[in-house]
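In: quick one, what's the 3D model for this:
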Amino acid sequence: MDRIDAILALFEDQDPLVQESLVTRLGVDAELLERTWTTAIARGEPAPALVQLVLRADAEALVDAFAEADDLDSGLWLLPRLHVPRRDYRTPGLAALDDLAKRVPADADGGVIADFLCNDCGFVGDHQDYDNPLNSLMPWVLERRIGLPISLTVLWVLVGRRLGIELDAIALPKHVLGRWRGGYIDMFEGGRMVTREELDSRVGRFDGSGAAPYLAPASDRALLRRMARNLASSYQRRDEKVRATIAHGLATS
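Out: Predicted coordinates:
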């Protein structure tokens with residue numbers, strides 16, 4: 001058994017003293033931690049203790065990188081590193097979005113893009129496990145074809161950008177939907193068109209006002225931070241303290 005094999009075997013030992021020793025040893029040896037992590041990833045699911053150690057080691061750099069990301073195509077692919085660190089999500093993610101855009105029917109508009117994503121590709125809101133962190137992480141949204149209102153709306157916006165079509169995300173309290181020249185659209189509900197009266201009613205349930213104060217297009221930066229806040233809340237409810245703390249740092253960066 002070589003050194004890395006021995007370390008990975010020790011991560012399966014539940015003795016707190018063994019775990020503390022591992023954390024101390026790998027915490028001061030970045031090269032050994034990287035070799036251990038690379039081997040663990042190649043073999044499958046890394047031990048939770050190893051994942052948390054890598055998350056802690058990468059936290060500051062991740063927060064700094066996210067703070068500098070001012071567009072969706074930059075920041076969106078940093079968020080998945082909360083789930084599995086040290087992977088390149090950007091390269092395959094951008095390729096997947098490019099591929100979706102190429103498959104959209106010619107002369108499309110916002111409604112056609114929504115119909116393509118929801119009906120042809122099967123993207124839909126997750127009503128069964130809404131709070132699942134994977135619903136906020138685009139690689140898994142693309143893979144599982146389910147997500148939160150904000151992640152599905154962001155997907156719609158990004159496909160539109162690749163086709164030169166202006167689409168906006170509108171951030172209401174508790175819900176995000178899309179707007180284009182044809183009106184408002186709810187990607188979480190299968191690309192259903194939404195009236196302005198319905199928007200006023202939705203907002204009124206939360207603060208007694210109408211939707212007018214919330215109808216300015218959300219910036220990329222605002223969308224990224226809202227996605228990070230969703231993740232912080234989701235991880236907190238799951239008692240995943242390390243991930244929740246880092247996600248909060250992203251949301252406030």
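In: how deep is the closest residue to residue 62 other than its chain neighbours tucked in, by neighbour count?
Out: Sequence neighbours aside, residue 81 is the residue nearest to residue 62 in space, at 5.8 Å (criterion: Cβ to Cβ, 6 or more residues apart in numbering). Where you see a C-beta, it was placed from the backbone N, CA and C, and this is true even at glycine. Counted by other Cβ atoms under 10 Å, the residues lying close to residue 81 total 23.
In: residue 81 reaches residue 75, doesn't it?
Out: No - taking contacts as Cβ atoms under 8 Å, residue 81 lies outside contact range of residue 75: 11.2 Å.
In: show me the contacts for residue 79.
Out: Contact analysis of residue 79 by Cβ atoms under 8 Å, 6 or more residues apart in numbering lists 66, 136, 137, 138, 224, 227, 228, 231, 250.
In: contacting residues for residue 186?
Out: Residue 186 touches 149, 177, 178, 192, 193, 194, counting by Cβ under 8 Å, 6+ apart.
In: give me the subset of those residues lying in strands.
Out: 177, 178, 192, 193, 194 (DSSP state E).
In: quick one, which of those residues are buried?
Out: 177, 178, 194 (16 or more other Cβ atoms under 10 Å).
In: make a markdown table out of the contacts of residue 79 and add neighbour count, distance to residue 56 and pLDDT.
Out: Output for the contacts of residue 79, formatted as a markdown table (neighbours: other Cβ atoms under 10 Å; distance: Cβ to Cβ, whole Å; pLDDT from 0 to 100):
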| residue | neighbour count | distance to residue 56 | pLDDT |
| --- | --- | --- | --- |
| 66 | 22 | 16 | 98 |
| 136 | 27 | 21 | 97 |
| 137 | 26 | 20 | 98 |
| 138 | 23 | 24 | 98 |
| 224 | 26 | 22 | 98 |
| 227 | 25 | 22 | 98 |
| 228 | 25 | 18 | 98 |
| 231 | 26 | 17 | 98 |
| 250 | 26 | 15 | 98 |
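In: how about those residues in TSV, adding secondary structure and distance to residue 85?
Out: Output for the contacts of residue 79, formatted as TSV (DSSP: H, G, I helix; E, B strand; the rest coil; distance: Cβ to Cβ, whole Å):
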residue	secondary structure	distance to residue 85
66	helix	13
136	helix	16
137	coil	13
138	helix	16
224	helix	18
227	helix	18
228	helix	16
231	helix	14
250	helix	13
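In: could you dump those into a markdown table and include distance to residue 48?
Out: As requested, the contacts of residue 79 are exported to a markdown table (distance: Cβ to Cβ, whole Å):
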| residue | distance to residue 48 |
| --- | --- |
| 66 | 23 |
| 136 | 20 |
| 137 | 18 |
| 138 | 23 |
| 224 | 27 |
| 227 | 24 |
| 228 | 22 |
| 231 | 18 |
| 250 | 21 |
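In: report how many residues lie close to residue 5.
Out: Neighbour tally, residue 5, other Cβ under 10 Å: 12.
In: oh, that last question was meant for residue 84, not what I typed.
Out: 16.
In: mind listing what's buried along stretch 48-58?
Out: 49, 50, 51, 52, 53, 54, 55, 57, 58.
In: for this structure, what spans make up the strands?
Out: Under DSSP E, the chain gives strands at 124-125, 146-147, 168-172, 175-180, 183-186, 192-194.
In: quick check: which of these is buried the most?
Out: Greatest average neighbour count among the strands of the chain goes to strand 146-147 (a mean of 24), per mean count of other Cβ atoms under 10 Å.
In: so for that strand, mean pLDDT?
Out: For strand 146-147, mean pLDDT rounds to 98.
In: off-centre distance for it?
Out: 10 Å (Cα atoms, centre = their mean, to the nearest Å).
In: same deal with stretch 156-167?
Out: 19 Å.
In: how far does that stretch stretch from start to finish?
Out: Stretch 156-167 has an end-to-end distance of 8 Å (Cα to Cα, to the nearest Å).
In: quick check: residue 200 vs residue 193, distance?
Out: 15 Å (Cβ to Cβ, to the nearest Å).
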